[in-house]
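Enquirer: when you get a sec, could you give me coordinates for this:
(2 chains)
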Amino acid sequence: MKARNLLIAAALVIFGLAHVVSPRLAFAQNSTSGAIQGVVTDAKTKEAIFGVTVTVTSPALKQAQNVLTDENGFYKVTDLPPGVYLVTFFYADVQVVQSDVHVGVNKATPVYQTIDQTKAGGETIRIESKAPTIDPTSTTQGITLDTNYIKNIPVPGRTFDALLGAAAGSQNDGYGVSFSGSTSLENQYYVDGVNTTGLTYGTVGSPVINDFIQEIEVITGGYGAEYGRATGGIVQVVTKTGSNEVKGSVFGYYQPGFLTAATKYSPVNATSIDATSNINYDASFGFDLGGPIIKDKLWYYVGFAPAYTQYDYTRITKSQTDCRKAIDPTMGIAQGTQGVVIPGLSDCNPQMYRDGVPDVDPRTGFYITDQLDSEIRSANSHTYNLLTKINYAATPEHQGQITFSALPTGATSPGLFGPANVGYNNSELVTDLGGKWTSKFNDNKTEIEAVVSWHRDHADVTALDPTLEQQPLQQLVDGSLGVWGPGFNAESAKTNAGCLDDQNPASTKDKYPLITNCPMDTRSYFVGGPGGIVDDTEQRFAARLSVTERFKLAGSHEVKAGIDVEENTTDHARLISGGETITNYVGPGQIYVDRYVQLAGQQGVVDNPDPAFFNSQCVTPDLSGTKTLQFYCAYLSGVPGSRGTQVQGETINEAAYLRDSWQIRPNLTLNYGIRYEAQALKYAKFLQGTTDPLTMQKLGTDAMDLNNNWAPRIGLLWDPTKEGRSKIYGHWGRFYESIPLDINDRSFGGEVLYENVYASSQCGASDPRIGGPNGTGCMGLGNYENHLIGASGELIAPNIQAEYMDEYIAGTEYEILDDLKIGVSFQHRDFGRIIEDVSTDGANTYIIANPGEWSESDTEAFQKKIDATSDPTQKMILQNQLKQFQGIAIFDHGSRDYNALQFTLTRRFSKKLYVQASYTYSRTEGNYPGSISYDNGQIDPNISSQFDLIELLANRIGPLPQDRPHYIKLDGYYTFDFKKAGALTVGVRFRALSGVPENVLAAHYLYGPDESFLLPRGELGRTDFDHGLDVHMGYGKDLDRGMNLELFFDLFNIYDRQGTFSIDQTYAPPVSLNCIPGPGVNCTGSPAGNPQNANPVSGGTYDDLIWVKSINAQGVETSTPIGRNPNFGNTVSRYAPAYGRIGVRLTF
Amino acid sequence: MVEQVLMKETFTDSMGAVNQRCVFGFGTHPEADEITCNGASGSTVAHHVDSALVLVDAPGIRVIFGSLLIGNYLEEIECRQPVGPDGAFDKVPLGSTPDDIAKCAVPMDTDALALTCKGPHAVCLCQLPGGCNGIAEGLPVGVEDANQDGAADTHQMIKGAVGFKCTAGSGATATNVNVAIDQAQSYYDPSGFQQPPATGGFEAMGPALVLYPALVLGNSTVAALPSGSTCGLALDPDVVGKNFAEPCTPVDSDGNGGRPPECDDLNIDQCPQSCTPGDLSGFSFGTEPMLLSLQGITNGQMGVSRTADIFAVTFDNIPVNPNTIGTIQIFEGVAMTPYNMFTVSLTGASQMDIHFTNPTGLAANTQYTVTFPTGFQDGYGVPLPQAQSITFTTGS
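Expert: Residues are numbered from 1 along each chain as shown, chains lettered A, B, ... in the order given. All right, here's what the predicted structure looks like:
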């Protein structure tokens, strides 16, 4: 806080100085507006002209803006909404007009003008040349997308996030669009100046529908000190605004199932159920309308657009076979197809080829299967997009805006791998309310902008079938669909007949009597309730205040200072249907029962647990693994249907900045500034004041304070042409991460799972529906092993500091022709420090730390704390902590190096043609992809498993999942003007990119699947180069009374490539997950084989995998070679199939 | 380059009791004072081992390398049936990948197998001129893969690839023993790293050879080393790293040596080899002497029973050479008159127990002396370094 106050004080001093030095001001562009600037000179003498009146008008601008050129002929008109402008220069009797001047959000459009004073005489000179599109004052990288782009480029999505991939250096990472080597969770999203970034993970919080959008600015790097809390990109969405003219549109889009190609099938070995999804329909329609309430004073804008979608999941059941044989080796190897007779293999011949072993396709290594039945289960969703906006202008200098948007959604998802009614109902309501006020004071010498906003997102997930809401979810593993299907009455008669195992070798009912027809070895079957129930609310209350002032001192300065503060809160449910989840390993004969508990404190220490927990079933768990600490626990109410409890998380973000854009000369600008950020992450409310299980100290309010985050930024730009047609620039900046609230829930919310492990024999008689005891029978019984997951709590390294990234940019842009500019830039980004949790005692205790950062001085500082402690127990605890903290030093520093060379070509829309193209050569390498752990699919920013154990770091350095060396993007459209007959616009969107690096993963005996990098990251190369082409065709015709009707057709992925998006990287899966020997349980003899846990082969190559030995369930290396996942390397997810979308739009 | 050797030794603790502990017998590690292995704790720094356990139990002798070895020269994989004169295990051609193994593993019928298991990387091809149970020479019999996941279920070490060379005594009386390893129990694991406190501790460090010596006793095998010997590692010249250089042992890593600083990261494959390829002389260790313990009597005991089953001697740490039982001498009386009425027999499959019985009974109040001369040998033929005697006196 002190630092921030200093910064603000400094800003005020500068403003005071500015007033003394120069009374002349201009105003900056900001998050919802842009600017026009330039120099007016005499055509003959080339000297600057003082006192030229510059007037800008536009349909986007409610009232004309006027400024005068200064003694250097310089002018700048700011606070201009994005749009196309007319700029008029008045000097003496000369009037010069430049039209078609495009202003973008957060950009200054250069309009340089010469005036021939000899032409005085009232003549209006209309300038044919276009204003350059290069912003000579900004080093930002990125792209601006206007309404024409949105309308004419085929974009595979109806909300703004689908557009973001147009920026060079961006890519879809499966969770959103990531920029410049980061993950998509590291971006900040602003809509009309309101921060709408998702609070829990950092996703897109408010996906505004494209039809309501005026312009989008995507900043992928090089941003100034007014931007922060992002190590990815900044997205600014400006929605449409009402003006003095009534304008609006009615629109509709429809994507029918018959215009969608079938999704390519990706079978999974050793499962008897496969499912693929195909869209049945996606329809949206709506309207928007804007106009005056009071002309020149008060305007409105309203948009409403419902959308309905249905996906059909084609669910195939299949049985393995025991009668196929290769009959004609000379036929060669053809494309195999699951579920039919494979060319080169016989028809089924039980008499000759039945051998009691399931048949395997020699070409794929997969079991050969017969398709039994096919069923379609549908998922439906609806969304209602609502946007309203009121703009008010008290005077041209004092304007305000209030925006309200709401996005209620609902969805139903059926169960796929189990009965259909084991599914979910989702409902969500996202609302944003923002108010903005801009005032210019002192004869327009000072501009103040204030924004207050409230972002709220509430999500509910409940059981699809309300009668199951009170039942535990039971996950059945290692069994047979032949038992489960008829048992739960969830499969068709055909499936049940085909899966029947009647144990009689001479059976006539069982097609393959010697084998288990329908094993479920690699896929679980789900019965019972829905499991996790969601009742989550996240909110952001934010306020920003900025002051901008321009003055002269060795050139022109535009100084901006601001502060902003956010209170981010979550209220997350900790609910499980029926109070528990059950994992029933039917094959090995083990049952795991998991429930939420709360640690009520150390034995003998009374705390006040969350009242939602109760003690009637409380036992003292075996915590021998947690060294000296013993705890009581209290179960979260295990009463079926209990609402459980809520965990409140809170983080306060504060920031202040001061920056100057110093135009040393009209064509030379130095941008510099500094930003200060602080984050205070708080414990859940019910934990505050209780005893920390690890430190034995009372927990305070704040769990982690990240202060002193100083982020300097500096950039230099030079325009050799001196008329805004080029720039050569460089930029350096430091950017701090804003930690999403997931960490509050997981680490500072006291989340503890209590897991009871039973031998199936302990849980009662065999349930014929399951083929083993029902897990619900275990409750209340004695068990032979307990685990408390998360009971050890998390320490926070005393020297922890915020995660940050440094960025360097150098580049140039040049407008080689009117409307056509090219650019080349180099961008480098790297993490200077990351935050992740680590364990230095073999997964007993976790420390949230900066991996690799613990020094001797840190030890000395902590030792002083120990020395100052007189209580022997506390001293011992601190000494143990010190030992653990010292272990932080051996962890690798987190690294993510992004180096990119970008070539861009932009031809703004002119002469019926628009082109936006880029080629990016980039490498993203390191050991830490960022907030998303792509390799195991975990999204827990800053507390993922990636750095948890030292052995998990081996082989992690290499090309990261977002490494796509080559990326080509081409967007464009051309309009064929048939005059009165209308106009046809053809747009294309082409993408070509390198494939993803292929990794080789194994299970870790404690952590489970895909945690261990068997080989160095990317050792097996990458998937195939991929590409796709989308086409838009729109026919528009002007109607009477200024209306225009447009019919359009979008065709996506026109050659239906369905390339590989991700592959199965699991080489050695844990076929007997967490198997622990107990009564009646012999892990090494489980039907599915031995545990496949394995440690990394440091620096190894593919051939080394033949010799790797497995780690057993107790973590002990064995002499047994690891197995191999037959599905390894196969495609598991693809890009969308070809599909078409039709639409209509009436604008007026 | 061999980085460390983790093994067990005996030591006498501060209370005078003989215990076992894990120790780095070669090389060291910054956290070597926290060694534990298989439940045995060691709180000691690395040092030269002079009393390595003769009976090697879990986790075996772990030889940890600084770089990866070529597994093809160390292990072979199990086939579905014997493929050659040595049985059902077959070597894997150099350059084979898991995919090549899968091609020879998954198909369960010979016709399908022939479709995929071919080419220079095919494995488990019949090598018997007369064929292998109906499969002609040169055709695949398939990799043993009961769970049909495409990987071999079982490996074993290649005979002769790895062993120990031991020497007992010195000079002309020195006994040299080549110790084979247990092919089934020993293994090579390329996985592992150099960074405790990883879970698994020092026993997870790798890449490593985990070795169990094999002392063959008739139809059984005991994991034992020669007693009272100085031993070293013996690798077949075929055993090489992935750079095709033979592993070696740097001299200065014995005892308190250590890895060079550039190896202090997770990618230990980058460690340079600072010794002459094939030179393993830097690593040696001594083994315990033969340890005798008496069952039924104590040395010097008075009033010993004169009944038939008099007593037994158990060699705690190694089987004995049955051919040297006859060298045991028994004397009666203080005059040490040779006494031949005892029946001396080696009992038990482990060949570690010698029973002394006398069907006629011993004389009353008489001293007997049993001497194990230097001609008495352990199972490897290593003689006792010096004769050992037991004396007792019968009761009335």
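Enquirer: so what are the sheet partners of the host helix or strand of A:Asp536 and their directions?
Expert: Element membership for A:Asp536 (DSSP states H and E) is strand A:532-552. Each strand that pairs with strand A:532-552, with its direction, by DSSP bridges: strand A:446-463 (antiparallel), strand A:556-576 (antiparallel).
Enquirer: need the longest strand for chain A.
Expert: In chain A, assigned by DSSP state E, the strand with the most residues is strand A:369-395.
Enquirer: list the buried residues in the helix or strand where A:Gln98 lies.
Expert: A:Gln98 belongs to strand A:94-103 when assigned by DSSP H and E. For strand A:94-103, the neighbour count (16 or more other C-beta atoms under 10 Å in any protein chain shown) marks A:94-96, A:98, A:100-103 as buried. The way it works is simple: take the backbone N, C-alpha and C, and place the C-beta from them, glycine included.
Enquirer: which other helices and strands contact that strand?
Expert: strand A:34-42, strand A:83-91, strand A:108-110, strand A:113-115, strand A:124-127 (3 or more C-beta pairs under 8 Å, 6 or more residues apart in numbering or on different chains; DSSP states H and E).
Enquirer: that older thread, please state the offset of the strand holding A:Asp536 from the chain centre?
Expert: 19 Å (C-alpha atoms, centre = their mean, to the nearest Å).
Enquirer: hey, where'd the strands end up in the stretch 251-396 of chain B?
Expert: Secondary structure of the stretch 251-396 of chain B (DSSP state E, counting those that start in this stretch): strands at B:285-286, B:292-295, B:301-304, B:309-315, B:329-332, B:337-338, B:343-347, B:353-357, B:367-372, B:388-394.
Enquirer: ok, residue 298 - contacts?
Expert: If you meant another chain, say so; for now it's chain A. Neighbouring residues of A:Leu298 by C-beta atoms under 8 Å, 6 or more residues apart in numbering or on different chains: A:292, A:390-393.
Enquirer: oops, wrong one, chain B.
Expert: B:Phe392.
Enquirer: just the pLDDT for A:Cys763.
Expert: pLDDT for A:Cys763: 86.
Enquirer: pretty sure it contacts A:Cys778?
Expert: Yes - assessed by C-beta atoms under 8 Å, A:Cys763 is found in contact with A:Cys778 at 4.1 Å.
Enquirer: which residues touch residue 247?
Expert: In the absence of a named chain, this looks at chain A. Contact analysis of A:Lys247 by C-beta under 8 Å, 6+ apart lists A:289-291, A:1147-1148.
Enquirer: nope, chain B please
Expert: Applying C-beta under 8 Å, 6+ apart, we find B:Pro247 in contact with B:1-2, B:65, B:69, B:235, B:239-241, B:273, B:277-278, B:280.
Enquirer: and which of the residues you listed is nearest to A:Lys1109?
Expert: Of all the contacts of B:Pro247, B:Leu69 has the smallest distance to A:Lys1109: 13.5 Å, by C-beta to C-beta.
Enquirer: any idea how far the closest residue to that closest one other than its chain neighbours is from chain A?
Expert: Nearest residue to B:Leu69 in three dimensions, chain neighbours excluded: B:Gly241, at 5.5 Å (C-beta to C-beta, 6 or more residues apart in numbering or on different chains). Here B:Gly241 is placed at a distance of 11 Å from chain A (C-beta to the nearest C-beta, to the nearest Å).
Enquirer: does A:Asp79 really touch A:Ile36, like I thought?
Expert: No - judged on C-beta under 8 Å, A:Asp79 makes no contact with A:Ile36 at a distance of 10.7 Å.
Enquirer: so between these two, which is more surrounded?
Expert: Comparing A:Asp79 with A:Ile36 by neighbour count (other C-beta atoms under 10 Å in any protein chain shown), the higher total belongs to A:Ile36, at 27 against 22.
Enquirer: tell me how far the ends of stretch A:68-75 are from each other?
Expert: 6 Å (C-alpha to C-alpha, to the nearest Å).
Enquirer: distance between that stretch and the chain's centre?
Expert: The answer for stretch A:68-75 is 45 Å, by C-alpha atoms, centre = their mean.
Enquirer: ok, residues contacting that stretch?
Expert: The contact list for stretch A:68-75 (C-beta under 8 Å, 6+ apart) reads A:24, A:26, A:37-41, A:47-54, A:67, A:556, A:663, A:666.
Enquirer: report the contact partners of the residue of the stretch 51-200 of chain A found nearest chain B.
Expert: Residue of the stretch 51-200 of chain A nearest chain B, by C-beta to the nearest C-beta: A:Gly181 (22.5 Å). By C-beta under 8 Å, 6+ apart, the residues touching A:Gly181 are A:169, A:829, A:896-898, A:900, A:922, A:924, A:960, A:962.
Enquirer: for PyMOL, write the select line for the buried members of those.
Expert: The PyMOL selection below is limited to those of these classed as buried (16+ other C-beta under 10 Å):
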select buried, chain A and resi 169+829+896+898+900+922+924+960+962
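Enquirer: select from the contacts of A:Gly181 every entry located in strands.
Expert: The strands, defined by DSSP E, take in A:829, A:896-898, A:900, A:922, A:924 from these.
Enquirer: can you put the residues you listed in a markdown table and add pLDDT?
Expert: Formatted as a markdown table, those follow (pLDDT from 0 to 100):
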| residue | pLDDT |
| --- | --- |
| A:Arg829 | 98 |
| A:Arg896 | 98 |
| A:Asp897 | 98 |
| A:Tyr898 | 98 |
| A:Ala900 | 98 |
| A:Ser922 | 97 |
| A:Thr924 | 98 |
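Enquirer: just give me the closest of those residues to A:Gly365.
Expert: A:Thr924 (32.2 Å).
Enquirer: in three-state terms, label the closest residue to chain B within the stretch 1001-1148 of chain A for me.
Expert: Nearest residue of the stretch 1001-1148 of chain A to chain B, counting by C-beta to the nearest C-beta: A:Gly1099, 2.9 Å away. On the three-state scheme (DSSP: H, G, I helix; E, B strand; the rest coil), A:Gly1099 is labelled coil.
Enquirer: A:Gly482 too?
Expert: helix.
Enquirer: so who does it touch?
Expert: Shown in contact with A:Gly482 (C-beta under 8 Å, 6+ apart): A:496, A:499-501, A:516-518.
Enquirer: kindly tell me how buried the residue of the stretch 751-900 of chain A found nearest chain B is, as a neighbour count.
Expert: Per C-beta to the nearest C-beta, A:Gly842 is where the stretch 751-900 of chain A lies closest to chain B, at 4.7 Å. Using other C-beta under 10 Å, the number of residues around A:Gly842 comes to 18.
Enquirer: quick check: A:Thr412 vs A:Ala490, distance?
Expert: Distance, A:Thr412 to A:Ala490, using C-beta to C-beta, to the nearest Å: 17 Å.
Enquirer: neighbour count winner among those two?
Expert: Neighbours of A:Thr412 and A:Ala490, each counted by other C-beta under 10 Å, are more numerous for A:Ala490; the result is 22 against 16.
Enquirer: returning to what we had before: how much space between the residue of the stretch 751-900 of chain A closest to chain B and A:Gln881?
Expert: Plainly put, A:Gly842 is 16 Å away from A:Gln881 if you go by C-beta to C-beta.
Enquirer: pull the contacting residues for the closest residue to the residue of the stretch 751-900 of chain A closest to chain B other than its chain neighbours.
Expert: Distance criterion C-beta to C-beta, 6+ apart; nearest residue to A:Gly842, sequence neighbours excluded, is B:Thr199 at 4.7 Å. Counting by C-beta under 8 Å, 6+ apart, B:Thr199 touches A:842-843, A:949, A:951, A:1004-1006, A:1115.
Enquirer: fine, thanks again, bye for now.
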